[in-house]
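# fold the following.
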Amino acid sequence: MDSLLKFSLLFSLLLFAGCTCDDGTIVLDESDCPPPARTLTVANWNVQILGDSKEANDTLMDFYASTMEKYDIIFIQEIRDSDGSAFPSLCSRLSGYNCSISSRAGRSSSKEQVGIAYRSDISLLSLEDFNPDSLDRWERPPIKATFGVDGHLFSVYNIHTKPSEVPAEMAALESVVVNAGNVIIMGDLNADCSYYPAANHTHFLSWTWVIWDDADTTVSATDCAYDRIIMNSNAASEFVQYGIYTAGIVPGVSDHYLVWVEISAEDDNNV
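Model (predicted):
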């Protein structure tokens, strides 16, 4: 029997009795397949004034927690809580997550923080807080969080821009973002409608805007894509899918929907 015939018979046997792995490889036993590539979901949600009043509402806090647990990493914006109890209380309702929080930021007496919840098998390698900013470029300066999981590294810049100063704050953000490795920008950027008209769309032009202008991330009748996800070329190459989560998010819960992106988490040490 020549080698070509042997190969044909073996291939036919594999097709008949074997299994096909996710990567297209045919094996005799499913256990021989390599493990599927891991992906991560990264989300942002402006929950509209998380403070003592919402903390006292167990039903609402449980809803926040159950929604957060749909994602591997989630940034929670608009934490306004002078005694610092609301976000730890929310984190205590999560199973298998670690939490971190930014400093309190804002030019007025109204201060905000950004909370981060991430699954316990994900490492928060560093958290850079641009607050205070000596140049006073933002109402609420951004943060930069760098994560590691299974050898995969990526950074997320998160900011809640001031509606009346979006173009200036976006320009300032662009001046500090380090475009190297896998980088994602996300948050309530207020980057649409009257706050950020098309004529002002001059920032991060070489990046991929995952949430497009025609999206609606607001709970009200306003049709605006205030909440955005922007990826540099390295991060965009790992893009899998994105979404705007709306289920159960009604007035009283938040005035913003949750936005998320799924990325591949291959070991590339690229940050």
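
# ranges for the helices of the stretch 51-200 of the chain?
Applying DSSP state H, counting those that start in this stretch to the stretch 51-200 of the chain gives helices spanning 52-55, 58-68, 86-91, 166-176.

# can you say which of these is packed in most?
Among these, the stretch with the highest mean neighbour count (mean count of other C-beta atoms under 10 Å) is helix 86-91, at a mean of 20. Bear in mind the C-beta positions are built from the backbone N, C-alpha and C, glycine included.

# pipe the helices of the stretch 51-200 of the chain into TSV and attach mean pLDDT per row.
Formatted as TSV, the helices of the stretch 51-200 of the chain follow (pLDDT from 0 to 100):
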stretch	mean pLDDT
helix 52-55	98
helix 58-68	99
helix 86-91	99
helix 166-176	99
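
# for this structure, give me the ranges with low pLDDT.
1-35, 267-271 (pLDDT under 70).

# show me where it has strands.
19-20, 26-27, 39-50, 73-79, 97-101, 113-119, 123-129, 143-149, 152-158, 183-188, 208-209, 227-231, 239-245, 258-264 (DSSP state E).

# which residues make contact with the fourth one from outside it?
Here strand 73-79 makes contact (C-beta atoms under 8 Å, 6 or more residues apart in numbering) with 40-51, 68, 86-87, 90, 101, 112-119, 122, 145, 147, 156, 158, 160, 186-188, 258.

# now with 7 Å, please.
Strand 73-79 has contacts (C-beta atoms under 7 Å, 6 or more residues apart in numbering) with 40, 42-50, 68, 86-87, 112-118, 122, 147, 158, 160, 186-188.

# also stretch 135-146?
Under C-beta under 7 Å, 6+ apart, the answer for stretch 135-146 is 102, 105-107, 112, 114, 116, 124-131, 133, 153, 155-160, 162, 165, 169, 172-173, 271.
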